[in-house]
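In: Got a predicted structure plus its sequence, pasted below:
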There are 2 protein chains.
Amino acid sequence: MEAHTFLLQLLAILVSARILAEVATSLGAPGVIGELVAGILIGPSLFGWVETNDVILLLAEIGVILLLFEVGLETDLGKLLDAGRKAFIVAVGGFIGPLIAGFAVSYILFELPLIASLFIGGTLTATSIGITVRTLASVNRQNSIEGQITLGAAVLDDILGVVLLALLYEFSVTGEVNLMNAVKVLAYISVFFMLAPVLAKSMSQLIRRLDEHIANPGLIPVTIVSLVIFFAWLAHWFGAPELLGGFAAGVALSRRFFLPFGIAIRTSSEFSAKIESQMKPIVQLFTPIFFVTVGLSLDLRAIDWSSMFFWGLSLTLVVIAICAKFTGALFISEPFARRFVVGMAMVPRGEVGLVFAGLGIAAGVFSSDVYTALIMVITYTTLLSPFWIRLYYRYFGRFLG
Amino acid sequence: MEAHTFLLQLLAILVSARILAEVATSLGAPGVIGELVAGILIGPSLFGWVETNDVILLLAEIGVILLLFEVGLETDLGKLLDAGRKAFIVAVGGFIGPLIAGFAVSYILFELPLIASLFIGGTLTATSIGITVRTLASVNRQNSIEGQITLGAAVLDDILGVVLLALLYEFSVTGEVNLMNAVKVLAYISVFFMLAPVLAKSMSQLIRRLDEHIANPGLIPVTIVSLVIFFAWLAHWFGAPELLGGFAAGVALSRRFFLPFGIAIRTSSEFSAKIESQMKPIVQLFTPIFFVTVGLSLDLRAIDWSSMFFWGLSLTLVVIAICAKFTGALFISEPFARRFVVGMAMVPRGEVGLVFAGLGIAAGVFSSDVYTALIMVITYTTLLSPFWIRLYYRYFGRFLG
């Protein structure tokens, strides 16, 4: 690709994201909706100025990894672990609910093949951690109790999603389900989450010491981005989603990270502040590229708006995608207002749903009308959930302290 | 390309650049040499871990554009214009000298074809503005008199290089030289350089006003990077090298930029400081990618070290590449020590020479042995010039005030 063509595409992404985020904010919606709409506008759905390509997809991947790094940086691990049991219930319930309901409706009601129905159920399982987190941050609730529960649940959800994807993909190829493999993947991921923070913390201490002795400028941005990229790659190596590597690195570098067993590694808060202030512009530059790319990937022009099957399947699945996500959330011991908002926050599907649906059509598991119905479900849950959550806080926020 | 493969390549680039820059600095050489060597080490020349691909080349392009933006930001336009006449002499002399000498030696001594000899002369003309600037900065001389002369000359050199490249490329295809086209390109570029700073300044004022009223975070990194990218694209549209668009945007946003005719646009120094502090980490992250990529592009394994023709041609061209660059510098009215260091600073060829040589071999103008001889010349001037300049300052710096 010619450099100037790419520069123009990058320009379209950055500028449209910024303008539409401002418009969304001024209308009372979260900025992330504006960025998603920007992708739909400049992408194949409408104007067709920009199509996703290798370069943009990779920059978007870096964007979501860095976003999760920042989320980790602002996470209080103690609080997150406190929310652990509840987050687990929310994640497992909100995973099994949509999986079973999505599968049952597709298989029984719409009489789709077994494997297609399983992929549809799978597409409905995975919460978009990026959209959820950005929405909660836009109403300043990322550190609230429901924020911690949702964050923990979204992380677990992503792990369950990866395991399910591996299982389903294998099943679609070999026709067999190998549960041992799933257990092995889960074990690997657990090892990663136990080792990564300790390793990341030690490496950051090394960077801190280097920072005190080195005169060449630019140590922090280069080494911290390298650290984040390394853990993203390591997460992939252990079978976990790459963005969770960014999250693990962020948690380890946060001001509130303490190693277990009382092993004290002194955290210099001056160094933390330096990391935060130098990484913020980089994260803010890359993050919109990710959300615009999600919008770019939703080709609404491919949808046959006159097909009854499309409307029947997509509307049914939208209802299931929303209701079934509350399965776990409604059973935790919290005030109803909080249980409800946790359920709402788990609704957006975004990028992970797109991966499932994309793999389904690539493997020939289902036809393009099922695929477009799923795109519709993802579009709806992705675009409107942030809006509803914000509205909910405006009217019921006072019940949440 | 798979995301995790790319993440690993990016990691190799960032980490090797950092480590080797530190090693270079601790040995008394400029950090940029370390970054170039990093590219040679991890690239096809030695370990072959990383090869240039579309994504890396585009990130490198953004890196050099942002580097030139930062150079512009630190440039005092008044001083640069004061140095204008001398910079012009240095640029034109240092352009015509290597062109004629390189051509003559290839055509007469080595009896190469006319067009091949012209391309060889062309490859020897263009100074690598990035390497020159980084080297002067590493000895804190970027704002000295010789720094301003060299910067101005390197900018003019890049413009002359583009015009020559367009002429030669046309000549290699059609067999005719159209001087009118060259005049047109020069006229366009002049228009760009007259309009761009005024336009960039006005846009930055708009961003400043937005910054005072907008609550969403991340305005500065996204809008300033967009501005820089826009001017890089605009430069290309006017026929100038993209990196000079970044330079023009930087000059316009610098604290010391004043519009002609007494048109006063109030520059808020608080806003300038904000731009500098938020852009610095982004520039520092991208710049090493550019220098490593220059190293990656130098495939030293392709060289046939036993060929007499290779040694004869490359050593002759190295001598010409160095000596002829002093043609302009030695004729300006400055103390000899300063004239000499300006000449030295014009020697590194780097990326622009690679473009010339690459186009020459792609167009079938010369064979691979001529190409590798040129690679050798570029490697030598690129890698060793920064080292000589630094050494020169250590021993003769006191004559330069």
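Out: All right, it came through fine.
In: Every contact and neighbour count from this point should use C-alpha atoms.
Out: Will do.
In: Let me see the mean pLDDT of stretch A:106-118.
Out: When pLDDT is averaged along stretch A:106-118, the result is 92.
In: just stretch A:361-368 next, same as before
Out: pLDDT averaged over stretch A:361-368 gives 81.
In: Leaving out sequence neighbours, find the closest residue to the spatially most central residue of chain A.
Out: Most central in chain A under Cα atoms, centre = their mean is A:I129, positioned 2.9 Å from the mean C-alpha point. In space, and not counting its chain neighbours, A:I129 is closest to A:A154: 5.5 Å by Cα to Cα, 6 or more residues apart in numbering or on different chains.
In: can you pull the buried residues of the host helix or strand of A:P288?
Out: Using DSSP states H and E, A:P288 sits within helix A:269-297. Buried residues in helix A:269-297, counted by 16 or more other Cα atoms under 10 Å in any protein chain shown: A:271-272, A:275-276, A:278-297.
In: Any chance of the backbone angles for the residue nearest to A:I145 when sequence neighbours are not counted?
Out: Nearest non-adjacent residue to A:I145, counting by Cα to Cα, 6+ apart: A:A83, 7.6 Å away. Dihedral pair for A:A83: phi -80, psi 0, per degrees, to the nearest 10.
In: Does A:A83 touch A:G147 like I think?
Out: No - taking contacts as Cα atoms under 8 Å, A:A83 lies outside contact range of A:G147: 9.5 Å.
In: thinking again about what came up before, who are the packing partners of the helix holding A:P288?
Out: If contacts are counted by 3 or more Cα pairs under 8 Å, 6 or more residues apart in numbering or on different chains; DSSP states H and E, helix A:269-297 sits against helix A:3-26, helix A:31-42, helix A:54-73, helix A:219-237, helix A:350-362, helix B:219-237, helix B:269-297.
In: Which SSE is immediately downstream of it?
Out: Going down the chain from helix A:269-297, the next helix or strand is helix A:308-323, by DSSP H and E.
In: contacting residues around that following helix?
Out: Helix A:308-323 has contacts (Cα atoms under 8 Å, 6 or more residues apart in numbering or on different chains) with A:98, A:101-102, A:106, A:110, A:124, A:304-305, A:344, A:347, A:369-370, A:372-374, A:376-377, A:380-381.
In: Count the neighbours of the residue lying closest to A:E74 once chain neighbours are set aside for me.
Out: Leaving aside its chain neighbours, A:E74 sits nearest to A:S254 (6.3 Å; criterion: Cα to Cα, 6+ apart). Counted with other Cα atoms under 10 Å in any protein chain shown, the neighbours of A:S254 add up to 25.
In: Could I get the contacting residues of A:S254?
Out: With Cα under 8 Å, 6+ apart, A:S254 has these contacts: A:72-76, A:272.
In: let's go with 10 Å and repeat that
Out: Neighbouring residues of A:S254 by Cα atoms under 10 Å, 6 or more residues apart in numbering or on different chains: A:69-77, A:201, A:267, A:269, A:272-273, A:275-276.
In: Ok, A:I361 next?
Out: Going by Cα under 10 Å, 6+ apart, A:I361 touches A:116, A:119, A:367-368, A:370-371.
In: any idea which helix is longest in chain A?
Out: Secondary structure of chain A per DSSP state H: the longest helix is helix A:179-213.
In: which regions of the stretch 201-350 of chain A sit below the pLDDT cut-off?
Out: A:256-268 (pLDDT under 70).
In: Fine, thanks again, bye for now.
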